[in-house]
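In: Got a predicted structure plus its sequence, pasted below:
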Amino acid sequence: MENDKPFEMSNILISLDIHINEPIDAKIQQLNLNVIDRHGNTLRRKNNLQDQNIQMVVDFPLYDHRNDYKLEYLDLCFENIKIDQSWKSVPKDIEAYITLKFGVPEILKTYQENSKELLTVKSKLFKIENEVDQIITQIRQMLSDESKLRNVNEAILSNFSLFGILIVLILILSGAVQLWWLINCMKQKSLL
């Protein structure tokens, strides 16, 4: 019992960048990822991978420092599971490319690269937000203009209607006066 030493253990962070060539049809198949150490312990499991670009970090335990880590390894196991059990469905073969980066400095580089991309996305989002604000301002202006133009339109319509009624009344009145004059002329000449 005196020779039994507890395991010396420290960890190393491993960054996994996974790129899947084609999108996965979730109706037909499911892709899972297992990260397993040499003792069979599941270090990380991700079910139902849907994205084509996946980044994940694994906290990998190092048990024995005396052997210069020669015995340390990990297994990356992809499970391509057929979900649709119909006889004519055929799951696609999936090609995945994995980039491994070891240690905090490499993960920090990946973080900084992603942060740069996020900054460009952030600036694009600010531009889009400004454009949306301008569109909202234009819509509000159009709504206020629409109510003003509707009032002008209704005023023009009422004036036009009154003018049309007035013209019709004048035509009827002039026709009646002409008819009255014609009847009087015909009576004086004894034609009627």
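Out: Right, received. Where do you want to start? Numbering: from 1, shown residues only.
In: count of neighbours near the residue nearest to residue 183 when sequence neighbours are not counted?
Out: Of all residues not flanking residue 183 in the chain, residue 192 sits nearest, at 6.9 Å (CB to CB, 6 or more residues apart in numbering). Quick note: C-beta positions are derived from backbone N, CA and C, even for glycine. Burial of residue 192, expressed as a neighbour count using other CB atoms under 10 Å, amounts to 10.
In: which intervals of this structure have sub-threshold pLDDT?
Out: 1-10, 63-71 (pLDDT under 70).
In: can you pull out the helices in it?
Out: Here the chain has its helices, by DSSP state H, at 103-188.
In: who touches the closest residue to residue 83 other than its chain neighbours in this structure?
Out: Nearest non-adjacent residue to residue 83, counting by CB to CB, 6+ apart: residue 30, 5.4 Å away. Residues near residue 30 by CB atoms under 8 Å, 6 or more residues apart in numbering: 24, 47-48, 79-81, 83.
In: Most neighbours among these, which one?
Out: Neighbour max across those (other CB under 10 Å) = residue 24, 19 neighbours.
In: ok, now which ones touch that residue?
Out: Listed by CB under 8 Å, 6+ apart, the contact set of residue 24 reads 30-31, 49-50, 92, 94.
In: now do 7 Å
Out: If you count contacts by CB atoms under 7 Å, 6 or more residues apart in numbering, residue 24 has them with 31, 49-50, 94.
In: now residue 16: how far from residue 190?
Out: Going from residue 16 to residue 190 by CB to CB, to the nearest Å gives 119 Å.
In: whoops, residue 57 was the one
Out: Distance from residue 57 to residue 190, counting by CB to CB: 119 Å.
In: What of residue 133?
Out: According to CB to CB, residue 133 stands 86 Å off from residue 190.
In: And for residue 51?
Out: 106 Å.
In: If you count surrounding residues, which of these two has more?
Out: The neighbour count for residue 51 versus residue 190, taken as other CB under 10 Å, is higher for residue 51 (11 against 6).
In: How about residue 16: what's its closest non-neighbour residue?
Out: residue 56 (5.0 Å).
In: how about the one you found, what does it touch?
Out: Contacts for residue 56 (CB under 7 Å, 6+ apart) come out as 16, 44, 46.
In: do that again at 10 Å, thanks
Out: Each residue near residue 56 by CB atoms under 10 Å, 6 or more residues apart in numbering is listed here: 14-18, 33, 35, 44, 46.
In: Residue 142 now?
Out: Taking CB under 10 Å, 6+ apart, we find residue 142 in contact with residue 149.
In: what's the closest non-adjacent residue to residue 43?
Out: Using CB to CB, 6+ apart, the closest residue to residue 43 is residue 35 (4.6 Å).
In: I'd say the one you found and residue 74 touch.
Out: Yes. Using CB atoms under 10 Å, residue 35 is in contact with residue 74, at 6.0 Å.
In: For the two, indicate the residue with more neighbours.
Out: Using other CB under 10 Å as the criterion, residue 35 and residue 74 rank with residue 35 on top: 20 against 17.
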